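A.B. asks: How does the following fold in three dimensions:
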Amino acid sequence: MTHPVAQSLQLSFDESRTKIVLRTQPENHASLVKLTARFSSGSQRGALAAEIDLEDFLSHLTLLNQWHDPYGVSFTPDLMALTEGSVRDSQAIESRLAAGSQGADFVGTVAPEDVAGRLGGTWKAPLTEFQVRDIAKLLSLTHGANFSVPGAGKTRTAIAVYSALREAGMVKRLLVVSPKSAYEAWQDECEHCFTTPLPVRIFERQLDSAAEVLLVNYERLHRYQAELADWLSAAPTLMVLDEAHRMKLGVRGTYGTTCMALGPLARHRLILTGTPAPNGAKDLESLLSFVWPGHGRHAVDKAVGGGDLGHASKILRPLFTRTTKNELGLPPVDLQVRSVELPSAHRKLYSALCAKSAGFGPEQDEFARMGKTLAYLMMASTSPALLEKGLDRYEPLPFYIPSSNTPESDSLRDLMRNLPRYELSPKYEAVLQTVTENARAGRKTLVWSTFVRNLTTLGSILAKFEPAIVYGGSLDRDEQIRRFRKDPDCMVLLSNPATLGEGISLHHVCHDAIYVDRDFAAGRFLQSLDRIHRLGLAADTKTRITILLARGTIDELVHRRLGRKLEFMGKILDDPSVQELADPEEEVAPYGMDATDLRALLEHMRVPTHEG
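C.D. replies: Predicted coordinates:
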């Protein structure tokens with residue numbers, strides 16, 4: 001039977017591709033208002049147009065059946081393709097989750113023993129047993145997620161998935177969104193995995209038509225969304241989000257909004273992260289919403305809603321792959337917590353700073369201010385002189401051999417400015433001692449601190465070890481890393497987890513790390529640990545991690561809170577070795593601080609003395 005072709009309701013993407021626009025004619029105004037109201041995100045854009053969030057639209061497609069003229073509903077071709085794919089994905093997800101809820105193991109269409117034959121004749125790189133297992137599962141899913149621990153070789157696994165899809169004629173291009181620090185790994189793997197290296201290009205401002213593999217960082221996404229959309233649309237593409245937790249805010253953040261807009265243009269979608277939910281279930285919802293728009297969020301919400309995270313893990317397991325730390329077969333880490341005592345003037349200044357900051361309440365809008373307070377206390381636990389204003393924020397502190405007693409008459413401001421003359425920071429002293437001992441034994445040391453002035457100050461203190469220094473403003477980052485890897489006289493690398501905490505492998509040259517300070521961002525801490533403890537270590541390698549804590553300071557609070565951020569992700573991934581996450585109901589805040597961290601910080605500042 002042939003139906004009239006008159007279109008009473010037209011559906012299309014909006015400019016951002018994160019919303020669906022509904023348009024109709026004047027006689028259908030009331031029907032449009034009624035339909036729009038049925039969607040939780042629906043809103044009018046005038047009398048004859050409305051908009052609905054893409055996620056909401058795909059989750060509730062059946063509401064379109066309530067339009068008074070079902071045969072008059074039309075879709076633009078790109079939206080129709082996405083909608084049809086979403087329906088297929090929904091059916092696949094439901095069947096896999098139903099099997100998982102009944103305790104059935106995931107049965108894919110690709111078996112591990114079939115993987116080698118699907119990679120193509122130009123593939124030459126070796127794969128571990130767990131990589132083959134993960135590749136088989138990801139190829140059995142239309143789209144997928146690899147939540148393997150940092151250092152498990154997720155980059156090679158993703159490239160193998162691309163190679164198999166390309167060999168099958170399903171994709172022709174690979175778009176990788178990643179931090180800049182991960183570019184090196186992708187370039188190396190695209191060269192070493194094939195007899196003929198894949199042509200890789202880094203996207204700057206213009207697209208390169210010769211690129212088969214295009215690398216772009218999260219910061220560029222929003223500005224060049226239109227150009228990247230054209231590139232995705234020009235040929236069937238696998239889109240990979242590396243370190244995907246960068247877009248964990250989903251449509252609440254700039255990175256997530258652009259990823260959600262570009263994702264539907266890709267033929268296949270894959271996310272990689274070893275820390276998929278650094279602040280709980282909401283992060284996991286956002287990530288899986290990219291993989292399966294309209295269904296990923298619903299799947300997580302349904303699985304986690306009952307509160308039994310062990311059960312939720314078994315339900316969600318068919319949707320992702322994960323290699324655990326234990327499966328890597330790495331030698332154990334020797335992790336030591338070293339407490340240091342603050343000298344008298346240092347402790348006096350620290351207590352004064354706590355007292356000055358103690359009057360704030362725990363209201364939600366205090367997060368930004370308390371984030372600054374946290375930073376002040378973290379700096380003060382190392383050296384209050386870091387807080388002295390009027391100096392360049394990168395300028396090293398003066399380094400003296402203390403030779404005089406602290407004057408009792410100094411004001412707090414003078415004491416802060418002159419403290420290095422009177423007392424050597426016990427953390428600096430501990431770093432100098434450890435680096436010296438390591439250098440004598442021929443071992444290089446990686447030193448982490450959140451603050452650039454700590455890095456530059458330690459650069460002066462450790463000058464005889466010819467340190468390399470890498471932070472956000474470093475113009476010669478690659479040269480500094482090369483020097484640390486290759487120069488036998490460069491025994492120290494000084495960096496911060498925000499800059500170098502992911503994407504770089506240092507495990508072949510360095511087996512010692514020291515943390516001068518840490519914040520509440522547990523996922524980032526875990527990422528940084530894995531720079532020197534990852535796949536490829538010899539069985540007899542001794543990896544040593546030293547965490548410095550100034551007794552009676554914010555250091556001890558951060559250490560306790562990081563220690564308690566274990567349960568959620570370990571249970572949701574059914575992996576007791578995971579030690580990174582916070583409470584699932586909390587929102588993201590500066591330095592990884594959640595509401596529980598905020599309350600603990602306020603309590604810490606209210607304690608009248610900090611004598612440990």
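
A.B. asks: Below-threshold pLDDT in the stretch 301-450 of the chain: ranges please.
C.D. replies: Low-confidence segments of the stretch 301-450 of the chain (pLDDT under 70): 304-313, 357-368, 389-422.

A.B. asks: same check, this time on the chain
C.D. replies: 1-6, 99-108, 250-251, 277-282, 304-313, 357-368, 389-422, 566-590, 607-612.

A.B. asks: domains of it?
C.D. replies: Taking automatic domain parsing as the domain assignment, the ranges for the chain are 9-75, 82-324, 333-606.

A.B. asks: Just send those domains back as JSON lines, with mean neighbour count too.
C.D. replies: From N, CA and C alone the C-beta is placed, and that goes for glycine too. Below are the domains of the chain laid out as JSON lines (neighbours: other C-beta atoms under 10 Å):
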{"stretch": "domain 9-75", "mean neighbour count": "16"}
{"stretch": "domain 82-324", "mean neighbour count": "20"}
{"stretch": "domain 333-606", "mean neighbour count": "19"}
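
A.B. asks: What sits closest to Leu82 if chain neighbours are left out?
C.D. replies: Pro264 (4.5 Å; C-beta to C-beta, 6 or more residues apart in numbering).

A.B. asks: ugh, typo on my part, it should be Leu386
C.D. replies: Spatial nearest neighbour of Leu386, chain neighbours left out: Met379 (4.1 Å); criterion: C-beta to C-beta, 6+ apart.

A.B. asks: check contacts around that neighbour.
C.D. replies: Applying C-beta atoms under 8 Å, 6 or more residues apart in numbering to Met379 gives the contacts Leu386, Leu387, Phe451, Arg453, Asn454, Asp517.

A.B. asks: Over to His604?
C.D. replies: His604 neighbours (C-beta under 8 Å, 6+ apart): Cys354, Leu377, Ile554, Leu557.

A.B. asks: residues making contact with stretch 27-41?
C.D. replies: 8-9, 22, 24, 42-44, 47-50, 52-53, 55-57, 60, 63-64, 66-69.

A.B. asks: Let's see that with 10 Å instead.
C.D. replies: 8-9, 19-20, 22-25, 42-57, 59-60, 63-64, 66-69, 72 (C-beta atoms under 10 Å, 6 or more residues apart in numbering).

A.B. asks: measure Ala47 to Pro26 for me?
C.D. replies: Separation of Ala47 from Pro26 (C-beta to C-beta, to the nearest Å): 7 Å.

A.B. asks: Please disregard the earlier target; I meant Glu84.
C.D. replies: For Glu84, the distance to Pro26 - C-beta to C-beta - is 30 Å.

A.B. asks: ok, now Ile461?
C.D. replies: Counting by C-beta to C-beta - Ile461 and Pro26 are separated by 76 Å.

A.B. asks: now do Thr157
C.D. replies: Thr157 sits 55 Å away from Pro26, going by C-beta to C-beta.

A.B. asks: what do you get for Asp517?
C.D. replies: Distance from Asp517 to Pro26, by C-beta to C-beta: 64 Å.

A.B. asks: repeat for Ser40
C.D. replies: Distance from Ser40 to Pro26, by C-beta to C-beta: 26 Å.

A.B. asks: Could you do Ala81 as well?
C.D. replies: From Ala81 to Pro26 the distance is 30 Å (C-beta to C-beta).

A.B. asks: What of Lys486?
C.D. replies: Lys486 is 72 Å from Pro26, by C-beta to C-beta.

A.B. asks: before we move on, what about Ser140?
C.D. replies: The value you get for Ser140 to Pro26, if C-beta to C-beta is used, is 50 Å.

A.B. asks: quick one: contacts for the closest residue to Thr321 other than its chain neighbours?
C.D. replies: With C-beta to C-beta, 6+ apart as the criterion, Thr321 has its nearest non-adjacent residue at 4.0 Å, and that residue is Asp134. Taking C-beta under 10 Å, 6+ apart, we find Asp134 in contact with 112, 115, 127-128, 144, 146-148, 152-154, 157-158, 160-161, 320-323.

A.B. asks: can you rerun that using 7 Å?
C.D. replies: Contact analysis of Asp134 by C-beta atoms under 7 Å, 6 or more residues apart in numbering lists Asn146, Ser148, Thr157, Thr321, Thr323.

A.B. asks: mind listing the helices for the stretch 351-500 of the chain?
C.D. replies: Taking DSSP state H, counting those that start in this stretch as the criterion, the stretch 351-500 of the chain carries its helices at 367-382, 412-422, 426-440, 452-461, 477-486, 497-500.

A.B. asks: could you redo those as JSON lines and give each row distance to Leu446?
C.D. replies: Output for the helices of the stretch 351-500 of the chain, formatted as JSON lines (distance: least, C-beta to C-beta, whole Å):
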{"stretch": "helix 367-382", "distance to Leu446": "17"}
{"stretch": "helix 412-422", "distance to Leu446": "25"}
{"stretch": "helix 426-440", "distance to Leu446": "10"}
{"stretch": "helix 452-461", "distance to Leu446": "12"}
{"stretch": "helix 477-486", "distance to Leu446": "8"}
{"stretch": "helix 497-500", "distance to Leu446": "9"}
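
A.B. asks: contacting residues for the residue nearest to Ala550 when sequence neighbours are not counted?
C.D. replies: Once flanking residues are discounted, Ala550 sits nearest to Ser381: 4.2 Å by C-beta to C-beta, 6+ apart. Counting by C-beta under 7 Å, 6+ apart, Ser381 touches Tyr350, Asp517, Ala550, Thr553, Ile554, Asp555.
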